[in-house]
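Engineer: fold the following.
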Amino acid sequence: MKVAVMGAGAVGCYYGGMLARAGHEVVLIARPQHVEAIEREGLRLDTQQFDERVAVAASTQASAVKGAQLVLFCVKSTDTESAARALEPHLERDALLLSLQNGVENAARLREMLPQEAAAAVVYVASEMAAPGHIRHHGRGELVIEPSTRSEDVARAFIEAGVPTEISDNVRGALWAKLVLNCAYNALSAITQLPYGKLVQGEGVTRTMRDVVDECLAVAKAEGVTIPGNVDVAVSRIAETMPNQYSSTAQDLARGKLSEIDHLNGLILRRGEALGVPTPANRVLHTLVRLIESKAS
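Structural biologist: Next up is the predicted model:
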């Protein structure tokens, strides 16, 4: 299967690299410094189980998506529309776009913009770009994907590549479950520049996270979303299974980049206002992250 990864950063390089390692034809569409390193030395896939260089194509151009049957759509939520417009002239008619993004609205936005089939995926992986062309995997890696005409084939390909994958009829609920985790951890990790394991040891942190989670669950209930599993256990498990991971928001702020905070705590804030659900803890975290972003800019 030919696979293109649009926005090949920490998430896209991990999943694209795993598929390439399993023998699929993969092209990573990424920033110039990553493309140059990958073309020179291959993608370094530095995981908890192995550390290998994987031969994979790379390009800075959206046109590299041509011929791909599967497109892993991994850009920041803030770039969904611009990336979709860049891809549109080059997409195969029967391509499946699989959104591996934070937030709960991206697959729907893709469906509004493009005639190709789009499906959501919930991503549970701790990874970072340690250097140009070097992906470091800190833990987990499983996917939950939305049913589509190609989901069975896609799930099989991931599983055979060593990526635990399931198809769920309640991806909306699973996306919201991931959103709750992101709202609990991302902003606090970003503001403090601490990894999850150290973060939760701070005085008052777990109580603050409890307030954030309660607000998220109240908004989800008002939205009519059924969140699967035990949220409290899932929140605790993040710090246990990813103790050395910094949130993507923390990584963005450390690099002076704009984050996805508007699509995380900011989304809870907006939906809470629309539904009459108070969200003061999420408001504070959203405000602080935006202030740090404005200071950096």
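Engineer: show me what the host helix or strand of residue 71 is packed up against.
Structural biologist: Assigned by DSSP states H and E, residue 71 falls within strand 70-73. Other helices and strands packing on strand 70-73, by 3 or more CB pairs under 8 Å, 6 or more residues apart in numbering; DSSP states H and E, are strand 2-6, helix 10-21, helix 80-87, strand 96-99. Backbone N, C-alpha and C define where each C-beta goes, glycine included.
Engineer: in JSON lines, list these along with mean neighbour count, mean pLDDT and distance to residue 209.
Structural biologist: Output for the helices and strands packed on strand 70-73, formatted as JSON lines (neighbours: other CB atoms under 10 Å; pLDDT from 0 to 100; distance: least, CB to CB, whole Å):
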{"stretch": "strand 2-6", "mean neighbour count": "25", "mean pLDDT": "98", "distance to residue 209": "32"}
{"stretch": "helix 10-21", "mean neighbour count": "25", "mean pLDDT": "97", "distance to residue 209": "23"}
{"stretch": "helix 80-87", "mean neighbour count": "18", "mean pLDDT": "98", "distance to residue 209": "28"}
{"stretch": "strand 96-99", "mean neighbour count": "26", "mean pLDDT": "98", "distance to residue 209": "26"}
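Engineer: now distance to residue 191 too, for the ones you listed, in CSV please.
Structural biologist: Listed next are the helices and strands packed on strand 70-73 as CSV, based on distance: least, CB to CB, whole Å:
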stretch, distance to residue 191
strand 2-6, 30
helix 10-21, 20
helix 80-87, 25
strand 96-99, 27
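Engineer: neighbours of residue 207, just the number please.
Structural biologist: Using other CB atoms under 10 Å, residue 207 is surrounded by 10 other residues.
Engineer: does it belong to a helix, a strand or coil?
Structural biologist: helix (DSSP: H, G, I helix; E, B strand; the rest coil).
Engineer: show me what contacts the nearest residue to residue 260 once chain neighbours are set aside?
Structural biologist: Ranked by CB to CB, 6 or more residues apart in numbering and with sequence neighbours excluded, the top spatial neighbour of residue 260 is residue 77, at 4.9 Å. Contacts for residue 77 (CB atoms under 8 Å, 6 or more residues apart in numbering) come out as 101-103, 105-106, 260, 262-263.
Engineer: please tell me how far residue 77 sits from residue 191.
Structural biologist: 20 Å (CB to CB, to the nearest Å).
Engineer: how about the helix or strand hosting residue 216, which residues are buried there?
Structural biologist: Counting by DSSP H and E, the element that carries residue 216 is helix 205-223. Buried residues in helix 205-223, counting neighbours by 16 or more other CB atoms under 10 Å, are found at 205, 208-209, 211-213, 215-220.
Engineer: need those in a markdown table with pLDDT and distance to residue 24, can you?
Structural biologist: As requested, the buried residues of helix 205-223 are arranged in a markdown table below (pLDDT from 0 to 100; distance: CB to CB, whole Å):
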| residue | pLDDT | distance to residue 24 |
| --- | --- | --- |
| 205 | 97 | 41 |
| 208 | 98 | 43 |
| 209 | 98 | 38 |
| 211 | 98 | 44 |
| 212 | 98 | 39 |
| 213 | 98 | 38 |
| 215 | 98 | 41 |
| 216 | 98 | 36 |
| 217 | 97 | 38 |
| 218 | 98 | 42 |
| 219 | 98 | 39 |
| 220 | 97 | 36 |
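Engineer: got TSV for those, with distance to residue 172 too?
Structural biologist: TSV is the format used below for these (distance: CB to CB, whole Å):
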residue	distance to residue 172
205	29
208	27
209	23
211	24
212	20
213	18
215	19
216	14
217	15
218	17
219	14
220	10
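Engineer: out of those, the closest to residue 158 would be?
Structural biologist: Distance to residue 158 across these (CB to CB) is lowest for residue 220, with 27.2 Å.
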